[in-house]
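Engineer: Predicted model and sequence below, questions to follow.
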Amino acid sequence: MVDFIVNFIVSNPLFYTLVKILSIVLPLLGAVAYLTYAERKVMAAMHLRQGPMMVGPFGLLQPLADGLKLFSKETILPSKSNKVVFVVAPILTFILSLLAWAVIPFDEGMVLANINVGILYLFAISSLGVYGILMAGWASNSRYAFLGGLRSAAQMVSYEVSIGFVMVTVLLTTGSLNLSDIVLAERPFWMDMLLFPMFIIFIVSILAETNRTPFDLPEGESELCGGYNVEYSSMTFALFFLGEYANMILMSCLTVVLFMGGWLPPLGIEISWLSWVPGIIWFGFKVSTILFVFIWARATLPRYRYDQLMRLGWKVFLPFSLLWVVLVAGILVGTNTLPVL
Amino acid sequence: MIDLQTFNIIPVMPEIIMALMGMVLLIFAVSQGNKSYRIVSWYVVLTCITVGAILLRFPQGVSITFGGMFVTEPFAVFMKLLVLAGASLVLLMSITYMQREKIARFEYPILILFSTLGMMVMLSANDLISLYMGLELQSLPLYVLAAFNRDNLKSSEAGLKYFVLGALSSGLLLYGCSMVYGFAGTTNFIGLAEVFALEATPVAGVVVGLVFILVGLLFKISAVPFHMWSPDVYEGAPSSVTAFFAVVPKIAAIGLLIRVSMSAFGGIAEQWQQVLMLVAMGSMIVGSMAAIVQTNIKRLMAYSSIGHMGYALIGLTAASSAGVQGLLVYMMIYMFTTAGVFAIILLMVRKNMQVETIDDLAGLAQYKPLMALCMAVLMFSMAGIPPLAGFFGKLFVFQAAMAEGMYTLAIVGVLTSVIAAYYYLRIIKVMYFDSATEQLDNVEDSGSNFVMRASAFFAVVFITIAWPIVEAIHYAVDSLLFL
Amino acid sequence: MIEALAFYMFATILIMSALMVITARNPVYAVLFLILAFFNAAGLFILLGAEFIAMILVIVYVGAVAVLFLFVVMMLNIGQSNVKTGLVKYMPVGALVGFTLLGELIWLYTSWDISKYAVHQRLAPILAEDSEISNTHALGEILYTNNVYLFQLSGLILLVAMIGAIVLTLRSRKGVRKQTISEQVSRERSDVIEVKHVGFGKGVQ
């Protein structure tokens, strides 16, 4: 029976792909659910509280209970809203947050679509994310939501510029746009050190790109009472919520791929007792570290003011990353270590 | 590994130096603010002179580089020298003017530098693509310069009008390029010349494409019927910018027109000769007729330059070596005399306000004899009165037209010169025989004064230096036609 | 089979959404359809095997240009009526020019012919059909090596455009309070707080 199922799946390529997609999406949704749990627990620990602990042991079933609650509520469509766009916006956000996962390599060869321009694909999909928020803000026909949408658009466009330059710097050292090749590209240690400032910029930029604290101005619950998702409820809200957290994990994966060696064990492959652990575990471990930084930032940093956000993006990150691109390119050419195609 | 020696960059050195100087000056000026306006202006003049000196020492003969995109030969060098001289003259006379008008911002000389660079690229273009890039690099700063006095409604209008129409003409040019490419399979001028040498009768699409390319270029020299923008833009833009418009881009566009029509499309000369003939006639007629009723001297100069472009195009219409030589002589004289006239326009200040009507010159001879004399000499020269410089320009182009049997064109040229003489002489009459109601101020502007005197001097002594200049032009034209 | 289906799907949606761009009454819808059109055009590029161009199309046009476009359209809040007022007035002239051009185009393309000498002039493709080199690499070769002159020129044109935008719009307003972060950070307690001992009945001196 098992043989039959396996044979059927492998012999039918369309079905096989479907299974592969499901085997990415379902764990992802689980990860999103438990990311919210982790967020509440970690923040609680930092605040010297206990966090969720009533539903299940240590509150482990809390995310499921939350999900159930959201799904059982009524979906409210504001009467003055633009219905079609209003409903499309959260669906778009959610779909986009899942689409990008197609090119993430979890382990050697463990990737749904190993395309040549993987990193550009990721960049393209993540730059589309803004449309869901912008459309939601506009379609809600509400002041707060609209302000949130506009803020989000300006913010994401601004920080994409520096993200782009950071990616260019990394690509210069790897010589490939394929994510697996980027992971496997060998860099000398000093080059990693040279990329460290770009790593910092990247982390900060992805905080802005995913609208997380300290750059959560589009939501800004204390000033915009929720921003673009103020009019959303139940399922539609849940889709935004899932999308946002899936994007967080996605961006962490991207960071790991670009800067932290993906599925490879730390300190190089030579150390045998580290390479005994499967690559996907290392990958998950590294992603969790970055996610912890997300939560850590949320628990400790106050929100930026809008002009400060723009100043940081355009007047600090952009010139610096531009300079760094030129510097790294110059060093690569000067030392003749530019990767040859 | 990357081979940095893929292309020979020596022929492009002047352009590279210009571009680098532009960027260095920009950084310097941004760090210093608007107080660096004067020093940046002087540096731009210095750059133009240095690049000109480098060009003078350039090896003779033709060099082509960047995969056939870029060509330089004595013709390009000669035209670039004219462009650089024009840009330096205009900058010299505008330094103080911009400060008087309180629009002295350091971007002004830098934009002029980049525009000049664009013109040099145009003059060295050997491919439809590099032609277009040069054209855009030349025009974009001009759009900005036209609107430079941004708090002035007329200046903003001038900038917008120029921009919209300029973008349209660029679009037409590109459309024409695509048609020519579709027929000939190449955008390179040498390749085009080869194809059209063998294809005597191309399909209609190529003729339309050629006309579109000509339209794009004729727009830049404001020849009729693509002249509508020029009086408004001339009037609205700050006067020093108008001087730049009137003097420099026309030389570059004419140079490009010569190269495109004589070398790339030389094989199908009959096709464009008819077009240029109509354009030349139209420009001469509109330029002379419409100028008569103008009272604003900047508008008058706009129509005057339309007329001059008509005379210049006669030389190109002849499609002969002598015609192109006459055209180059004409453009050279046009450049120096127009610069002088605009220097005088910049000096027309009354009660610290710039004035622009012809009546403001009334009685100038009584209290400023030198300025009036210079203006009179320049006006006589523009009208084509011998033995001043302007006469020789007209003489050469008319001769070339007669030699090719284009009598109609020559006759229209002579008739319109007579009509045009009316409004040139009217200015002289106003200066010498009308009485002054209010006098113009004495302006401390050594740059404009210098350009005014030098230009008038040039118009007078041209007859003595004509021979070596014509020899040089002959040499330059030969280098182009026997590529 | 799947490719053909995908082509017709992308092409149909592209044309339909392009039509919607110019007919939609609501400008925000028009921009959203424009984005859809870009997206489908990118899909067509992928079918052609030009994956790099497809991605750049999405990143640049959809991810940056159209966002700003949508941003502005939403901010302007253009009413639906005033878009149409000019239409009736300029319709006859526009139609005349349009039809003349269309007629000329039809005439030109029906009589079109490629010169028999054009073949010698055509550029040889830099890559063989079965080449292993990805199209990103090939594009880089063309852009940055073969056409480096044009590439640098376009850089200069963009620089001039930037200078122009700044010259024409940047105004230094007076009375704007700016945050100088270095000053804030370098501020110390001794700069702003002073402990004074106030004697009884004397007040602060």
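Structural biologist: Happy to help now that I have it.

Engineer: alpha carbons only for contacts and neighbour counts from here, please
Structural biologist: Noted.

Engineer: By mean pLDDT, which helix or strand of the chain comes out lowest?
Structural biologist: Just so you know, I chose chain A. Across the helices and strands of chain A, the lowest-confidence element by mean pLDDT, DSSP states H and E is helix A:272-275, at a mean of 66.

Engineer: wait, I meant chain C there
Structural biologist: Counting by mean pLDDT, DSSP H and E, the weakest-scoring helix or strand in chain C turns out to be helix C:118-121, with a mean of 68.

Engineer: How about residue C:143, nearest residue that isn't a chain neighbour?
Structural biologist: Once flanking residues are discounted, residue C:143 sits nearest to residue C:151: 6.7 Å by C-alpha to C-alpha, 6 or more residues apart in numbering or on different chains.

Engineer: who are the neighbours in contact with residue 40?
Structural biologist: With no chain named, the answer covers chain A. A:51, A:52 (C-alpha atoms under 8 Å, 6 or more residues apart in numbering or on different chains).

Engineer: Please refer instead to chain C.
Structural biologist: Listed by C-alpha under 8 Å, 6+ apart, the contact partners of residue C:40 are C:10, C:11, C:13, C:14.

Engineer: roughly how far apart are it and residue B:463?
Structural biologist: In this structure, residue C:40 and residue B:463 are 68 Å apart, going by C-alpha to C-alpha, to the nearest Å.

Engineer: and if you look at residue B:268?
Structural biologist: Here the criterion is C-alpha to C-alpha. By it, residue B:268 lies 36 Å from residue B:463.

Engineer: and the closest residue to chain B within the stretch 151-300 of chain A, how many neighbours?
Structural biologist: Residue nearest to chain B within the stretch 151-300 of chain A: residue A:175 (12.7 Å; C-alpha to the nearest C-alpha). Burial of residue A:175 is recorded as 17 neighbouring residues (other C-alpha atoms under 10 Å in any protein chain shown).

Engineer: Look up phi and psi at it.
Structural biologist: Dihedral angles of residue A:175 (phi, psi; degrees, to the nearest 10) stand at phi 70, psi 20.

Engineer: can you check residue A:12 too?
Structural biologist: Comment: the main-chain dihedrals of residue A:12 come out as phi -110, psi 100, following degrees, to the nearest 10.

Engineer: Residue B:72 now?
Structural biologist: Per degrees, to the nearest 10, the backbone of residue B:72 is at phi -140, psi 140.

Engineer: same deal with residue B:65?
Structural biologist: Residue B:65 has phi and psi values of phi -140, psi -180 when expressed as degrees, to the nearest 10.

Engineer: gap between the closest residue to chain B within chain A and residue A:174?
Structural biologist: Taking C-alpha to the nearest C-alpha, chain B has its nearest neighbour within chain A at residue A:340, 6.9 Å off. Using C-alpha to C-alpha, one obtains 9 Å as the distance from residue A:340 to residue A:174.

Engineer: how close does the residue nearest the centre of chain C sit to residue B:11?
Structural biologist: Averaging the C-alpha coordinates of chain C gives a centre point, and the residue nearest to it by C-alpha atoms, centre = their mean is residue C:65 (3.5 Å). Look at residue C:65 and residue B:11: by C-alpha to C-alpha, they are 38 Å apart.

Engineer: same question, residue B:209
Structural biologist: When C-alpha to C-alpha is the yardstick, residue B:209 and residue B:11 sit 30 Å from each other.

Engineer: Leaving aside the residues adjacent along the chain, what's closest to the residue of the stretch 251-400 of chain B found nearest chain A?
Structural biologist: Of all residues in the stretch 251-400 of chain B, the one sitting closest to chain A is residue B:252 (35.0 Å; C-alpha to the nearest C-alpha). Using C-alpha to C-alpha, 6+ apart and skipping residues adjacent in sequence, the residue nearest residue B:252 is residue B:119, 5.5 Å away.

Engineer: dump the residue contacts of the one you found.
Structural biologist: By C-alpha under 8 Å, 6+ apart, the contact set of residue B:119 is B:80, B:83, B:134, B:135, B:137, B:138, B:249, B:252, B:253.

Engineer: Mind putting those residues into a markdown table with pLDDT and neighbour count?
Structural biologist: Supplementary listing: the contacts of residue B:119 in a markdown table, determined by pLDDT from 0 to 100; neighbours: other C-alpha atoms under 10 Å in any protein chain shown:
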| residue | pLDDT | neighbour count |
| --- | --- | --- |
| B:80 | 92 | 27 |
| B:83 | 94 | 27 |
| B:134 | 93 | 26 |
| B:135 | 93 | 27 |
| B:137 | 93 | 29 |
| B:138 | 93 | 28 |
| B:249 | 92 | 24 |
| B:252 | 93 | 29 |
| B:253 | 92 | 22 |
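
Engineer: between those, which is nearest chain C?
Structural biologist: Of all those, chain C sits closest to residue B:137, with 5.2 Å by C-alpha to the nearest C-alpha.
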